[in-house]
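# Kindly generate the corresponding structure for this input.
(2 chains)
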Amino acid sequence: MNVVLEASGLSKTYRAERGSEALLALADVSLALGSGEFVSIVGPSGCGKSTLLKILAGLLPASGGEVLLVGARPEKLLGHVGYMPQGDQLMPWRTTLDNVTVGLELAGMRRREARESARRELDAFGLTGFERHWPSALSGGMRQRAALLRTFLAGREILLLDEPFGALDAITREAMREWLLEVWESHRKTILLVTHDVEEAVFLSDRVQVMSGRPGRIRATVEVPFPRPRTLTQASRPDFIALKEQLLAPLREEQRERLRVAAQ
Amino acid sequence: MKLMLGGRLEPRAPQSLHARSLLRRVGPPIAFGVIVLALWQAYVALSGVRQQVVPSPLEVARALVRDRAVIASGAGTTLEEILIGYGVAIVVGVALALALASSRLVERSVYPWLVVSQLIPIPAIAVVVVLWTGFDIVPHVIVIALVSFFPVAVNTIDGLRSTDADLLDLLATLGAGRWRRMRLAQAPSALPFLFSGLRVAAALAVIGAVIAEWVGATSGLGKLILSYEDQTATPDVFAVVVVLAVIGVALFSAVGLLERVALPWYRVAGEQDARRR
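Residues are numbered from 1 along each chain as shown, chains lettered A, B, ... in the order given. This is a model prediction of the structure:
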């Protein structure tokens, strides 16, 4: 396997504010992404998933450990990997088309060319006919697809997605999963997705890493053996459910433990 | 591969202002105004109160026609002061906001003094400003700018700060440095805030003009109020007040109009929110 992004022994400590202790948000997190892989990190909210993604994107310095890109330590991490924060972050003052081209514009492409290459993808992202609309006129699912198109168009090989479907209703979310796999398969990107939804993680990924909170660390790593292309009906098959249970067990255990501590 | 995911919205036809919806919007306030004026007229006629104490609306209208030349000339002076002072306020307010937003240290050193500048009673300052700069247009412009720059500055600062940190992060990963993040994200998200500030400042600019002229002026509507007051020409005082109000409303509406033109997305987003609610 051709490793494109590797993190070893990452830790993150937030400096103490007055009157509180220093917060250890991440402790000894290691992971490796192979070229073209789809990996998910699943964990409860507040477990440091977003912090991990921000470190990998180069937005936050790690307190310890290192991040390697294709085996080498980059001078500057920022700008090498695609990053999609929580929420679609579409700019309300730009039309849909001008929102998705912002990465290309920042890369120095002429506006006309940027729009041309965006137009070629509109169909695949279900946005045809809406390129001139303000984001406020789009449905939640469309906004999320526009945000993903913006990330895809920026042309990075590795994409970090922070709960991309977290704000959507259950039905839209399911449809978006299937759609994301199609797009991923046709674009051959390497994706690291963070979610609190175990089913989503299993359905989408080659590998799922379970993260526990305070401090955030990887509890378990599970390979997902199901063949691709996958369809939504697979999610109700016994082996799928068994794998889901296997991943949920350590998370449930941790929650019980936390409640016990809180009760004392 | 064509997708039909989620709720697909049909592109909407642009909303045209039909005569009926216009009537529904401006009809009630006009009717209310007319009723108040009628009641006022009736009160003056029935109570027999003197026109020098409470002039009737019709008497005010007559004064307005009678004094039109004098009032027009005064309005010219005052309007000029207001427009220049307001312009200075916008430039200074926005420049201050950008300076404060660009550095924590500048913000911490200057912001408290901005607040202090607003706690000093403006008429008191106006006296000093007139003392320093004389009786012509300059002190008036300074006083107007002093009272109206604050809402512009404060709103713009809030606007520059309102940008979502995640959006700034996203732009950073796309290669935007500090300046481009400011231009692409912070400045546009500050614009609606700036326009709110401009509306408040428009109202304050008119007040500032009157105060400045009361302290010392040779012409202008504020000065005119003082002269008519000396002659106990109360209907004429009211006539000048009406013209001042018209100037205020005009300035306020011009800002609103400019906002509609400059921020088409903002109105659309607001309508969408209203519909969802």
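# quick one: contacts for the residue nearest to residue A:133 when sequence neighbours are not counted?
Once flanking residues are discounted, residue A:133 sits nearest to residue A:96: 5.4 Å by Cβ to Cβ, 6 or more residues apart in numbering or on different chains. Glycine gets a C-beta too; all of them are placed from N, C-alpha and C. Each residue near residue A:96 by Cβ atoms under 8 Å, 6 or more residues apart in numbering or on different chains is listed here: A:90, A:127, A:130, A:131, A:132, A:133, A:134, A:135, A:138, A:146.
# can you rerun that using 7 Å?
Residue A:96 sits next to A:127, A:130, A:131, A:133, A:135, A:138, A:146 when contact means Cβ atoms under 7 Å, 6 or more residues apart in numbering or on different chains.
# hang on, isn't the second one packed against residue A:139?
No. Residue A:130 lies out of contact with residue A:139 (Cβ atoms under 7 Å); the separation is 9.6 Å.
# who has more neighbours, those two?
Neighbour totals were compared for residue A:130 and residue A:139, and residue A:130 leads with 23 against 16 (other Cβ atoms under 10 Å in any protein chain shown).
# Near chain B, which residues of the stretch 51-200 of chain A are found?
A:57, A:59, A:78-79, A:83, A:85-87, A:89, A:91-93, A:102-103, A:106-107, A:123-124, A:126, A:129, A:133-134, A:136-137, A:139-142, A:154, A:172, A:175-176, A:179, A:182 (Cβ under 7 Å from any Cβ of the partner chain).
# Return the subset of those lying in helices.
Using DSSP state H, A:57, A:102, A:103, A:106, A:140, A:141, A:142, A:172, A:175, A:176, A:179, A:182 are the members of these that sit in helices.
# Show the buried residues in the residues of the stretch 51-200 of chain A next to chain B.
Buried residues within these, defined by neighbour count using 16 or more other Cβ atoms under 10 Å in any protein chain shown: A:57, A:59, A:79, A:83, A:85-87, A:89, A:91-93, A:102-103, A:106, A:124, A:126, A:133-134, A:136-137, A:139-142, A:154, A:172, A:175-176, A:179.
# Can you show me the helices along chain A?
In chain A, helices defined by DSSP H lie at A:49-57, A:96-100, A:102-106, A:111-121, A:140-153, A:170-187, A:198-204, A:238-263, listed in chain order.
# Give the burial count for residue 264, as a bare number.
If you meant another chain, say so; for now it's chain A. The burial count for residue A:264: 5, using other Cβ under 10 Å.
# The chain in question should be chain B.
Neighbours of residue B:264 (other Cβ under 10 Å): 12.
# Distance-wise, check it relative to residue A:73.
47 Å (Cβ to Cβ, to the nearest Å).
# so which residue of the stretch 51-200 of chain B comes closest to chain A?
Relative to chain A, the nearest point of the stretch 51-200 of chain B is residue B:166 (3.8 Å; Cβ to the nearest Cβ).
# Go ahead and confirm that residue touches residue A:91.
No. Judged on Cβ under 7 Å, residue B:166 makes no contact with residue A:91 at a distance of 11.9 Å.
# Show the contacting residues for the closest residue to residue A:213 other than its chain neighbours.
Take residue A:213 and drop its neighbours on the chain: the residue closest to it by Cβ to Cβ, 6+ apart is residue A:47, 3.4 Å away. Applying Cβ under 7 Å, 6+ apart to residue A:47 gives the contacts A:211, A:212, A:213, A:216.
# Let's see if you can find the most crowded of those.
Among the contacts of residue A:47, residue A:216 has the most neighbours (other Cβ under 10 Å), with 27 neighbours.
# Now do the contacts for it.
A:25, A:26, A:27, A:29, A:47, A:48, A:51, A:52.
# Which residue is the nearest non-sequential neighbour of residue 59?
No chain was given, so I picked chain A. residue B:169 (5.1 Å).
# meant chain B, my bad for not saying
Closest residue to residue B:59 apart from its sequence neighbours, by Cβ to Cβ, 6+ apart: residue B:235 at 4.5 Å.
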